[in-house]
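# give the three-dimensional model of this entry:
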Amino acid sequence: MSSLKHDTVTPYGSTEQKKEQVEQMFDNIAPKYDLLNSILSLRIHKSWRKKCVNKLRSIQPKSLLDVATGTGDFAIACAELQPNHITGIDISEGMMKYGREKLRKLKLDKLITLQSGDAETVDLPDNSYDAIVVGFGVRNFQNLETGLKNLHRILKPGGMLLVLEFSYPEPGLFRSLYEFYSKFITPTVGRMFSKDKRAYSYLTESVKAFPHNEEFVSILEKCGYRNTSYESLTMGIAAMYSGKK
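Predicted coordinates for the structure are as follows:
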C-alpha cells in the first residue's frame with residue numbers, strides 16, 4: 001500500500017490546489033465519462049449503487065443531497081426512493097452539463113437539481129437533509145475531514161451519510177490481478193477514449209492512497225458520525241460506508 005496521504009495525490013502534480021486540478025480533470029473527461037465508467041467497471045458500479053439505495057430505504061429520505069454528483073448517476077438511482085427532492089452538487093460544470101441533459105431525457109429534471117458546490121464549502125442550511133450520498137467522490141476532497149464535518153452539519157439529526165468508494169482488495173491473487181488491471185488496463189483504456197492522459201492514472205493512485213475500511217470508519221467517527229459501518233463489495237474493489245448524525 002502507498003504511504004502517500006490521499007490529499008497529496010493530485011491529478012496533475014501542479015502548484016494549483018487539489019480542488020482546482022480535480023475540477024479541470026473532470027471537465028476534460030466529461031464527454032466520455034459515462035462510457036468509460038461502464039467499460040472500466042464492467043457495469044458493476046450499477047449494482048453497487050443499487051445496494052446503496054436499498055440501504056437508504058430504512059430511513060425513507062424525503063430530502064437527499066448527492067455530493068460530487070458528476071453526471072448524476074447516484075441521484076438518478078436514488079429517485080426510486082421517491083423523495084420530495086434531490087440536490088446534486090459538483091465542482092465540475094462540464095460533468096453537470098451532461099448530467100442535466102440526462103435528467104431532461106429521463107424527465108427527472110423537476111425532481112433532481114444539479115448545482116455548483118463542494119463538500120467543504122457548500123453553504124446549505126444546518127439540519128436540512130435526511131440523507132447525503134457521495135459516490136466515488138470523497139477521494140477527491142481537498143480536505144477530507146473538513147468535508148465530512150460540513151456534511152455532518154447539513155444532515156438532519158438521525159439522517160444518514162452513505163459513501164460509495166473504491167477500495168483495495170486484501171493481499172492475494174485477486175489483489176495481484178486488480179493491481180495489474182489498475183496499473184495497465186485502466187490508464188490505457190482511459191487514454192484511448194479520453195483526451196486527458198493523466199486522469200485515469202490519477203484514479204489508480206488516489207484509490208491506493210485513500211484510507212480504506214476501518215481506517216475510513218474511524219475518520220467518520222472522528223467527524224461526529226455514529227452507528228458507523230462498512231461493507232466490502234466485489235471482493236474488496238469497493239466499499240459502502242454509512243454513518244448517522
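
# my guess is R100 meets T113, correct?
No: using CB atoms under 8 Å, R100 makes no contact with T113, being 9.3 Å away. In short, each C-beta sits where N, CA and C put it, glycine included.

# quick one: which of those two has more around it?
Set R100 next to T113 and count neighbours by other CB atoms under 10 Å: R100 wins out with 18 against 15.

# look up the closest residue to the more buried one, ignoring the ones flanking it.
Nearest residue to R100 in three dimensions, chain neighbours excluded: L114, at 5.8 Å (CB to CB, 6 or more residues apart in numbering).

# quick check: that neighbour touching D90?
Yes: counting by CB under 8 Å, D90 is a contact partner of L114 at 7.0 Å.

# overlap in contacts, these two.
Common neighbours of L114 and D90 (criterion: CB atoms under 8 Å, 6 or more residues apart in numbering): 69, 96, 99.

# what about the residues you listed, which are in strands?
Taking DSSP state E, every one of the shared contacts of L114 and D90 sits outside strands.

# for Y33, state which of these is nearest.
G99 (9.8 Å; CB to CB).

# thinking again about what came up before, okay if I get the shared contacts of L114 and D90 as CSV plus distance to I237, neighbour count and pLDDT?
Putting the shared contacts of L114 and D90 into CSV (distance: CB to CB, whole Å; neighbours: other CB atoms under 10 Å; pLDDT from 0 to 100) gives the following:
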residue, distance to I237, neighbour count, pLDDT
T69, 22, 29, 98
M96, 26, 23, 98
G99, 24, 27, 98
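
# got CSV for the residues you listed, with distance to C78 too?
Output for the shared contacts of L114 and D90, formatted as CSV (distance: CB to CB, whole Å):
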residue, distance to C78
T69, 10
M96, 16
G99, 13
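
# low-confidence stretches in the chain?
Across the chain, the ranges flagged by pLDDT under 70 are 1-7.

# strands of that one, start to end?
Under DSSP E, the chain gives strands at 63-67, 85-90, 112-116, 129-135, 155-166, 226-233, 238-244.

# give me the packing partners of the third one, helices and strands only.
Meaning strand 112-116. helix 73-78, strand 85-90, helix 93-105 (3 or more CB pairs under 8 Å, 6 or more residues apart in numbering; DSSP states H and E).

# mind listing what's buried along the second one?
Of the residues in strand 85-90, those with enough neighbours to count as buried (16 or more other CB atoms under 10 Å) are 86-90.

# ok, back up a step: which of the shared contacts of L114 and D90 sits closest to T228?
Once CB to CB is applied, the member of those that ends up nearest T228 is T69, at 23.1 Å.

# ok, that closest one touching I89?
Yes: T69 lies in contact with I89 (CB under 8 Å); the separation is 6.2 Å.

# now list whatever residues contact both of those two.
L114.

# quickly note the distance from the residue lying closest to E205 once chain neighbours are set aside to Q82.
Closest residue to E205 apart from its sequence neighbours, by CB to CB, 6+ apart: V9 at 5.0 Å. Distance, V9 to Q82, by CB to CB, to the nearest Å: 38 Å.

# so those two - more neighbours on which side?
Between V9 and Q82, counting by other CB under 10 Å, V9 is the more crowded of the two (20 against 10).
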